[in-house]
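Coordinates for the following, if possible.
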Amino acid sequence: MTGAVLIAAAAPAATHWSVSAGVGQAAALKQSTSGDLGVHVGASATGHRAHPRKSSKSPRSSGDGQSGKAQPASTPTPTAEPASPHVRHRKHKHAAAGSVYDNPLRDITGLIPERIDQGVDFGGSGPIYALGDAVITNASGDNYGWPDGGWITYRLTDGPGAGLAVFVAEDVRPTVAVGEKVTSNTVIANMFAGSAGIETGWSMASGLTAESQLPEAGSISGAGPFPTEIGLNFEELLQALGVPAANNRYDSPYGILPSSYPADWPATLGSSR
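Numbering: from 1, shown residues only. Sure, this is the predicted structure:
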């Protein structure tokens, strides 16, 4: 269900994303007060197709590369050794009421937690909210680098994640416009029960695609291996807000968590009240 945008020029399809233009989140944080709304990407790369819904009955293998989406010619090699399981990925307590952020999936009907990949996958239908105060940087229903075309990104403007960018993709249609200021009470998209479900996670600051594809996060594309460290970080934020845990959250993660992301979301949210 990982609808990654694989950017290919002369390189083969298995080549990981390399950045010749744009910046990572760490650099973006330095610009979080500059008023830059990011890049509105109207076109997407090709090479991904819709896929059957993943079953929630049994966890997926995290490193087999069989995501159900179009796969590259060969499986990418992770840039970092997987961490030992059960070391840091404990079950977190939910953040106390009054956190600066709120559960963006709180009104989804039939919410099904699925796997962590570049972001976190879910099934269900209904309204999706912003995490908190933010500015919309992309709002597209036809970005077909992601199954079913949904691609919404926003940059947080308040709280411990201020300056970081979030994406919501796949079986969603935007209800907001680029440049719009939103809060945790703003419905930014409607999720429909399509073939892919949704994916949500940390976006590149440019809004081009998932942050996991930048070298600072391990250069992990839609082919995996999964779960990614940065996807796990976003899942821990969602868990702290009351979203059910993903089915592969205790698998050994791949990639890197950039230093710009809080490593302990429950503690960070508790101190930001």
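
how far away is residue 240 from residue 184?
14 Å (CB to CB, to the nearest Å). All C-beta atoms are positioned from the backbone trio N, CA, C, and that covers glycine.

meant to ask about residue 207
Computed as CB to CB, the residue 207 to residue 184 distance reads 20 Å.

I'd like the next helix or strand past the lengthiest helix in the chain.
The longest helix of the chain (DSSP state H) is helix 229-240. Using DSSP states H and E, the next helix or strand after helix 229-240 towards the C-terminus is helix 265-271.

can you pull the buried residues of that next one?
265, 266, 268, 269 (16 or more other CB atoms under 10 Å).

quick revisit: so which elements touch the longest helix of the chain?
Packing contacts for helix 229-240, counted by 3 or more CB pairs under 8 Å, 6 or more residues apart in numbering; DSSP states H and E, involve strand 109-116, strand 120-129, strand 198-203, helix 265-271.

let's go with 10 Å and repeat that
For helix 229-240, the packing partners by 3 or more CB pairs under 10 Å, 6 or more residues apart in numbering; DSSP states H and E come out as strand 109-116, strand 120-129, strand 165-170, strand 198-203, helix 265-271.

Convert the C-alpha atoms of it to CSV, please.
Provided in CSV are the C-alpha atoms of helix 229-240 (Å, rounded to 0.1, in the frame of the first residue of the first chain):
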residue,chain,number,x,y,z
GLU,A,229,12.3,4.2,11.0
ILE,A,230,10.6,7.4,9.9
GLY,A,231,7.3,5.6,9.3
LEU,A,232,7.6,4.1,12.8
ASN,A,233,8.2,7.5,14.2
PHE,A,234,4.9,8.8,12.7
GLU,A,235,3.1,5.7,13.9
GLU,A,236,4.3,6.4,17.4
LEU,A,237,2.9,9.9,17.2
LEU,A,238,-0.5,8.5,16.0
GLN,A,239,-0.5,6.0,18.8
ALA,A,240,0.2,8.8,21.3
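
residues touching the residue lying closest to residue 236 once chain neighbours are set aside, list them.
Nearest non-adjacent residue to residue 236, counting by CB to CB, 6 or more residues apart in numbering: residue 265, 5.0 Å away. Contact analysis of residue 265 by CB atoms under 10 Å, 6 or more residues apart in numbering lists 92, 95, 99, 101, 160-161, 233-241.

again, 7 Å this time
236, 237, 240 (CB atoms under 7 Å, 6 or more residues apart in numbering).

Within its local environment, how many residues does the first one see?
Think residue 236. 26 (other CB atoms under 10 Å).
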